[in-house]
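Student: Sequence isn't available, so here's the structure alone:
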């Protein structure tokens, strides 16, 4: 931020409130994460002009995901998109009011389904299973959001509901995804991606329970944790998918649908690429036909 502004005055322009709030160092870190997502967006957009086989599906997905990350983290770094929420647990007599940044949950509700969709397309699972997995991720995130805004210990009920949805999601990604990925011949790549995803997902409930849930760590330390997780999740998986996709058989994966639009391939060709000059064969003349003068 020092390149754009002589100093970070976000907390002066948009002052925090409550007893647990974002600090200037925390704002600096969030601007750093926003910059990483912004650079990732530009790099993916540049790669979008030279895709393998003309297919840009994964570029499209992760351009949007990183763009949303840029916007969300810019908002949080500017000390915007938050609400003061009373906490049931007061740690070290720090006070009951904590800044809850709802922009973080908006980021997850967009990005997690994008990653799920990408891995679902890669593995070759059905669209019904992909929709099921996306819906489970929404249940997980929304339950955590409701829990964060619950001022009493009843929040842990919503936390439990969201965590169960996460467990259902991870089981579905592994069982159905691995079986299908083995069928289309990319089990090794899918196993690496899904294992990395699952490892990071396991850490999200822990981070949430210590921050927005239990109020054990402050706003700035929690953002350091979540920022690292989000970078390792979105940036690493996004670029890994784009790089790995260069060795995949798009025809076998049945994902060759962005170069020529929604037109099915027939015998290796596309209808709109057929010669426009082709004409029907002439009808043979019969002996009974009369010449027209």
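Tutor: Now that the structure is in, tell me what you want to look at. The shown structure was predicted, so the numbers you read here are calculated from the model rather than taken from an experiment. Numbering: from 1, shown residues only.
Student: so what secondary structure elements neighbour the lengthiest helix in the chain?
Tutor: When the chain is parsed with DSSP state H, its longest helix is helix 155-184. Secondary-structure packing of helix 155-184 (3 or more Cβ pairs under 8 Å, 6 or more residues apart in numbering; DSSP states H and E): helix 102-123, helix 127-148, helix 187-208. Just so you know, the C-beta spots here come from the backbone N, C-alpha and C atoms, and that holds for glycine as well.
Student: give me phi/psi at residue 254?
Tutor: Residue 254 adopts backbone torsions of phi 60, psi 40, taken as degrees, to the nearest 10.
Student: so what's it closest to, chain neighbours aside?
Tutor: Nearest residue to residue 254 in three dimensions, chain neighbours excluded: residue 124, at 7.0 Å (Cβ to Cβ, 6 or more residues apart in numbering).
Student: buried set for stretch 153-171?
Tutor: By neighbour count with 16 or more other Cβ atoms under 10 Å, stretch 153-171 contains the buried residues 155, 156, 158, 159, 161, 162, 163, 165, 166, 169, 170.
Student: re the thing from before, could you check the angle helix 127-148 makes with the longest helix of the chain?
Tutor: Angle of helix 155-184 versus helix 127-148, following axes from the mean of the first three to the mean of the last three Cα atoms, to 10 degrees, is 160 degrees.
Student: Distance from helix 155-184 to the middle of the chain?
Tutor: 16 Å (Cα atoms, centre = their mean, to the nearest Å).
Student: same question for that helix, mean pLDDT?
Tutor: Across helix 155-184, pLDDT averages out at 92.
Student: shift numbering so it begins at 159
Tutor: Right, with 159 as the first residue, what we last looked at is helix 313-342.
Student: Could you check the angle that helix makes with helix 260-281?
Tutor: Going by the same axes, to 10 degrees, helix 313-342 is angled at 20 degrees with respect to helix 260-281.
Student: if we can go back for a sec, most packed of the helices and strands packed on helix 313-342?
Tutor: Using mean count of other Cβ atoms under 10 Å, the stretch among these with the largest mean neighbour count is helix 260-281, at a mean of 22.
Student: now for it, which elements pack on it?
Tutor: The contact analysis (3+ Cβ pairs under 8 Å, 6+ apart) places helix 260-281 against helix 215-235, strand 240-244, helix 285-306, helix 313-342, helix 345-366, helix 377-388, helix 394-402.
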